[in-house]
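Asks: What shape does this take:
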Amino acid sequence: MVLLHCSLLLAAALGAGLGNAVAAGPAGKTVLVLGDSLSAEYGLARGTGWVALLEQRLAREKISARVVNASISGDTTSGGRSRLPALLQQNKPSHVVIELGGNDALRGLPLDMTRDNLLAMVRTAKANGAKVMVVGMQVPPNYGARYGQDFTALFASVASAEGAALVPFLLTGVADGPQADKLFQPDRIHPLAAAHPRMLANVWAVMKPWLLK
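Replies: As a prediction, this is how the structure comes out:
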């Protein structure tokens with residue numbers, strides 16, 4: 001489970017095979033997505049989440065890259081930190097996408113712990129030769145203005161400190177728009193399949209140049 005979606009708007013603030021696609025950059029890229037239920041297709045038909053849509057987008061863009069979705073519903077930054085070394089050894093990714101942190105907020109974990117775990121994951125991935133992208137999350141207004149600001153800022157601070165790419169908010173245009181209620185499953189926590197193309201668009205705007213440079 002990820003960031004709680006409530007009736008209030010959230011604070012303003014990842015398929016198909018490649019077929020015959022021709023690489024638009026260096027061959028042999030592997031994108032490892034380390035996330036929670038937002039990336040694990042919770043409550044969705046397989047192949048409809050943003051990570052599956054990413055594979056399709058890579059094929060259309062003729063970018064040769066393998067996508068490994070290592071996301072687990074309910075995962076925290078601590079869980080991701082413990083799982084990452086084995087995933088790096090097994091998959092040898094050239095690029096790592098870290099979409100974790102929402103469950104930390106849900107569980108009321110200290111922000112310093114979340115920040116330290118994110119920093120450790122970024123540094124571990126970099127030490128293994130991978131480029132890293134941090135995907136930001138936000139919390140609803142009922143968490144309090146100060147907590148919300150500090151939580152949002154920690155993703156940008158980690159990305160800036162480590163030279164990682166940053167998607168400021170995965171749910172831009174989903175959780176912060178006037179039709180937000182219509183884009184979530186009945187649990188009011190997880191986006192519907194209809195919201196995942198927008199989630200991919202938020203990631204893709206940062207990912208395409210990150211993959212190709």
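
Asks: got the buried residues for the biggest strand by length in the chain?
Replies: In the chain, assigned by DSSP state E, the strand with the most residues is strand 29-35. Within strand 29-35, the residues scored as buried using 16 or more other C-beta atoms under 10 Å are Lys29, Val31, Leu32, Val33, Leu34, Gly35. Every residue, glycine included, has its C-beta placed from N, CA and C.

Asks: need the residues you listed in JSON lines with pLDDT and distance to Glu41, can you?
Replies: Compiled in JSON lines, those are given as follows (pLDDT from 0 to 100; distance: C-beta to C-beta, whole Å):
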{"residue": "Lys29", "pLDDT": "96", "distance to Glu41": "22"}
{"residue": "Val31", "pLDDT": "98", "distance to Glu41": "16"}
{"residue": "Leu32", "pLDDT": "98", "distance to Glu41": "16"}
{"residue": "Val33", "pLDDT": "98", "distance to Glu41": "11"}
{"residue": "Leu34", "pLDDT": "98", "distance to Glu41": "15"}
{"residue": "Gly35", "pLDDT": "98", "distance to Glu41": "10"}
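
Asks: Show me the shaky parts of the protein.
Replies: The chain contains residues with pLDDT under 70 at 1-27.

Asks: could you pull out the helices for it?
Replies: 50-60, 77-91, 102-106, 111-127, 145-162, 196-212 (DSSP state H).

Asks: At the geometric centre of this protein, which residue sits there?
Replies: Residue closest to the average C-alpha location in the chain (C-alpha atoms, centre = their mean): Glu99, at 3.0 Å.

Asks: who does it bridge with?
Replies: The bridge-partner assignment for Glu99, based on DSSP bridges, gives Gly35.

Asks: Surely it and Val33 touch.
Replies: Yes. With contact defined as C-beta atoms under 8 Å, Glu99 and Val33 form a contacting pair (6.7 Å).

Asks: ok so, going back, which residues sit in contact with the residue nearest to the centre of the chain?
Replies: Leu14, Val33, Leu34, Gly35, Asp36, Leu38, Ser39, Ser71, Val135, Met137, Leu170 (C-beta atoms under 8 Å, 6 or more residues apart in numbering).

Asks: now do Trp204
Replies: Leu54, Arg57.

Asks: thinking again about what came up before, among the buried residues of strand 29-35, which one lies nearest to Arg81?
Replies: Within the buried residues of strand 29-35, distances to Arg81 taken as C-beta to C-beta reach their minimum at Leu34, with 9.5 Å.

Asks: show me the contacts for that closest one.
Replies: Ala70, Ser71, Gly80, Arg83, Leu84, Leu87, Val96, Val97, Ile98, Glu99, Leu100, Met121.

Asks: neighbours around Tyr78, how many?
Replies: Quick fix: residue 78 is Ser, not Tyr. 18 (other C-beta atoms under 10 Å).

Asks: For it, give its distance to Leu109.
Replies: Using C-beta to C-beta, to the nearest Å, Ser78 is found at 8 Å from Leu109.

Asks: wait, Lys139 sits on Arg146?
Replies: Just to correct that, residue 139 is Val rather than Lys. No. Val139 lies out of contact with Arg146 (C-beta under 8 Å); the separation is 11.2 Å.

Asks: Looking at these two, which one has more neighbours?
Replies: Comparing Val139 with Arg146 by other C-beta under 10 Å, the one with more neighbours is Val139, at 22 against 8.
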